[in-house]
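1. What shape does this take:
(2 chains)
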Amino acid sequence: MEILGLLLKNKFRAYRRYLFKRSPFFGALLVFILFFTWEILPVIKANMEWLRPILPKIYHLLLVLIASRRILFSKHPPFCFSLPGLYFFFTTPVNHYLVLTGKLLLSYFPMLIISFGLSRLAAQLQAGFLHGAHLFFYLVATANFSWLLYNSNSKRIYLWRFFIFLAMLILIFLDLPSLFWLVCATGGFLLAINSTDKINWPKYESHCKLAYLTSKYFLNGDWGGLESLMYEYKEPPGPSLFFTRIYVSGYKAFTYGQILIMSRYPFLAWLIFLCQCAVAAFILQTKDFLPFFGGTLLLLSGIVSPFSLPVQKTIQKNEQGFFLPGGFIDFFRGMALFPLVVSFVVLMIILSILADRFNPIWHLAAPILPAVALSYLVVVKGVFRSVFSGWFIAGTLIFGLFFFFIRICFFRGVFLVLCLFIPYLFVSWRRMRIIYEGEHGV
Amino acid sequence: MHLQVKALVKTYGTFPALKGVSFEIDHGTVVGLIGPNGAGKTTLLKCILKLLRYEQGEILYDGQPLMSRKEIAREISYIPDQPVYYEELTLEENLNLYAMLSGLSRQEFLEKKQMLIEDLALAEHLGQLPDRLSKGNKQKMMIAMAFLKNFRLVLADEPFSGLDPVMIRSLKDLFGRVKKEKKTVLISTHLLDLAQTICDSYIFLDHGRILATGTQEDVLRIAGSSVEDKFCLEEAYMRLLQRK
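-> Reported below is the predicted structural model:
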């Protein structure tokens, strides 16, 4: 009992600390959920007539998704120990069989809450789909199978996964009574607790560490820790013949580093970049200042976010002792070159879309200055390392005005903004140079 | 490189980390920076590198103050206490990029890289992301990066931590080679036996003050041991701490 008390005390203190620290976040989340439920429930009720036949289908689809996530594509265990818990589990003479049983039973608790919540929702909507004990036993059965498959060392594991998933799929659509799922859940549970000797401990420990540290870093707001964890668990990239053959120096080395880092971005990052550019191009068709400015911000964030990260990292590494002998001018040229080329192409496409008539000289000339400004802002954002930096905000406002005047062909305005940009350029350049090269000792 | 540190004062808020530290390091020597945890060793190294601002004092490199990080980066190499690398790039790509940014010619880089990979047994880890490497292998990567560069002074903050005995031997050989090339080395370490085998002189630091500096004889004299005693760094260290 004393052990249980100490464990609960530890949990309670951890949750209290996180809740206190993250209370604004949890508060906002709660308000959002309540607001969403409040808004969405009447809409669903009002459309019950045509929703009633679809809801059971959506429900079945959800069950299939859960089964596929847990059985077909599952890489992680359905329940994890905390890192200290795992350490105590390995290094103290506790009854492993009993602890695992307890852990497995405790892992069913969230499923109980989910099935209870969904049952209440089903009752509210009077949709008549399967819920309550049926749903709970189904969730438990999938979790147990997931655990058994996770620990299986069969060479035909993919076949096993596929056949079990297929069986689940058929069983879901057969609409079997909850007693059947109870038998499945109990059978899976008995198999799971009797296979403690088959657990792949190194794999399990690694996944427990990942789950524990991810939630810990997230709740502590430690984004650096999360990033480091991501790379720790990321598969190494294959050998790149293209990049290993290139050897450049001077400012080109910075460009090389920037392109190399960006080549490792996930596909999703590029998809977001393209979507932002496309939506921005759509919004920028207007000639009203405020919506146009919003579109400019979207375009700016689309270009600045991915390109400024390597700049930011290099500054960070330099401050931590990377010690790059290249001067600030080399750094700036190297880091601005690639964003300049990409910005030019993107702006040329956007301005061509926006143009009323085709004029090749205008299409080539118009994007030059905005592209230069954009690439400069990429370096500004990277060096000052925050979108809320005064330098970046000031630059963004100037760019917004500048781009708007180009859009409406108000050249006196363009000239005026350029006059404003020169002192900004001078002062921000000086500040960036100090940050890059370091302030003198005394 | 001849390094002079004169009356260096550094505080963190109200906490004094360095209280008027002064010493000199002759060129072509290997110097051990020794002191307990929190003595100010890392702070001192970071001040020399201008990674930290200091309130008072002067640091001269060959009699001249080096004012910018760029100038320091050309002359000094650094093995930090915490590994610094690009997380997205593999070990090999980190080495390549570091060499390019450090301005090494391709030929020079390839020669040095081959030598360091062999000396530090890094060949099998070249395609790995650094975050997936063990602590010792990360440390070896940092050592390789530091020795890739052309430098006149190398500052090493706990370079032996996490290394196995074979790698400690390799690193000792690397420092020996550097010394033969008449380059200066300043090593911060807790491993006193190891320091005794590679260092020509020592700086003992505690609570931001220098307790003793100099060669073995100088340290023995200051620690109050007789010259006839067999020189033992640990003994001298303990005596100095007790006397304080």
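2. chain center to the host helix or strand of residue A:231, what's the gap?
-> Following DSSP states H and E, one finds residue A:231 within helix A:223-233. Distance, stretch centre to chain centre, for helix A:223-233: 12 Å (C-alpha atoms, centre = their mean, to the nearest Å).
3. Repeat that for stretch A:46-58.
-> Offset of stretch A:46-58 from its chain centre (C-alpha atoms, centre = their mean): 32 Å.
4. Going by neighbour count, list what's buried in it.
-> Within stretch A:46-58, the residues that qualify as buried are residue A:55, counting by 16 or more other C-beta atoms under 10 Å in any protein chain shown. (C-beta placed from N, C-alpha, C; glycine too.)
5. Specify the local secondary structure of the residue nearest to the spatial centre of chain B.
-> By C-alpha atoms, centre = their mean, chain B has its centre lying nearest to residue B:156, at 1.8 Å. Following DSSP: H, G, I helix; E, B strand; the rest coil, residue B:156 is assigned to strand.
6. Any regions of the chain where pLDDT drops low?
-> The chain I'm using is chain A. Applying pLDDT under 70 to chain A flags residues A:1-4, A:7, A:121-122, A:124-131, A:239, A:241, A:439-442.
7. sorry, should have said chain B
-> In the predicted model of chain B, residues B:66-67, B:225-231, B:244 satisfy pLDDT under 70.
8. after the longest helix along it comes which helix or strand?
-> The helix spanning the most residues in chain B, taking DSSP state H as the definition, is helix B:165-180. Next helix or strand after helix B:165-180 toward the C-terminus (DSSP H and E): strand B:184-188.
9. Now the element after that next one, going C-ward?
-> Downstream of strand B:184-188, the next assigned helix or strand under DSSP H and E is helix B:192-198.
10. Off-centre distance for that next one?
-> Here helix B:192-198 is found 14 Å from its chain centre; the criterion is C-alpha atoms, centre = their mean.
11. what sits up against stretch B:101-120?
-> Contact with stretch B:101-120 is made by A:247, A:249-250, A:253-254, A:257, A:324-326, B:73, B:95-96, B:99-100, B:122-123, B:126, B:140, B:143-144, B:147-150, B:167, B:170-171, B:173-174, as judged by C-beta atoms under 8 Å, 6 or more residues apart in numbering or on different chains.
12. Output stretch A:240-251 as PDB, nothing but the C-alphas.
-> C-alpha atoms of stretch A:240-251 as PDB (Å, rounded to 0.1, in the frame of the first residue of the first chain):
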ATOM      1  CA  SER A 240      23.400  11.300 -50.800                       C
ATOM      2  CA  LEU A 241      25.800  11.100 -53.700                       C
ATOM      3  CA  PHE A 242      24.800  14.500 -54.900                       C
ATOM      4  CA  PHE A 243      25.700  16.300 -51.700                       C
ATOM      5  CA  THR A 244      28.800  14.300 -50.800                       C
ATOM      6  CA  ARG A 245      30.400  15.100 -54.200                       C
ATOM      7  CA  ILE A 246      30.000  18.900 -53.800                       C
ATOM      8  CA  TYR A 247      32.700  20.800 -52.000                       C
ATOM      9  CA  VAL A 248      32.500  24.600 -51.900                       C
ATOM     10  CA  SER A 249      33.800  27.300 -49.700                       C
ATOM     11  CA  GLY A 250      33.200  30.900 -48.700                       C
ATOM     12  CA  TYR A 251      29.600  32.100 -49.000                       C
END
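13. And the buried ones among the contacts of stretch B:101-120, selectable in ChimeraX?
-> Only the buried entries of those go into this ChimeraX selection, using 16+ other C-beta under 10 Å:
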select /A:247,249,253,254,257,324,325,326 /B:73,95,96,99,100,122,126,140,143,144,147,148,149,167,170,171,174
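14. Now, the contacts of stretch B:101-120 that are in helices?
-> Mapping the contacts of stretch B:101-120 onto helices (DSSP H) picks out A:253-254, A:257, B:73, B:95-96, B:99-100, B:140, B:143-144, B:147-148, B:167, B:170-171, B:173-174.
15. what packs against the helix holding residue A:231?
-> helix A:201-220 (3 or more C-beta pairs under 8 Å, 6 or more residues apart in numbering or on different chains; DSSP states H and E).
16. got the angle between the helix it packs on and helix A:223-233?
-> Angle, helix A:201-220 to helix A:223-233, by axes from the mean of the first three to the mean of the last three C-alpha atoms, to 10 degrees: 160 degrees.
17. what about helix A:201-220 and chain B, any contact?
-> No. Helix A:201-220 lies apart from chain B when judged by C-beta under 8 Å from any C-beta of the partner chain; the minimum separation is 11.1 Å.
18. Give me the buried positions along that helix.
-> Quick answer for helix A:201-220 (16+ other C-beta under 10 Å): A:204, A:205, A:207, A:208, A:209, A:210, A:211, A:212, A:213, A:216, A:217, A:219.
19. do stretch A:429-442 as well
-> Using 16+ other C-beta under 10 Å as the test for burial, stretch A:429-442 gives A:429, A:432, A:433, A:435, A:436, A:437, A:438, A:441.
20. Please, which helix or strand holds the fifth one?
-> Element membership of residue A:436, judged by DSSP H and E, is helix A:411-437.
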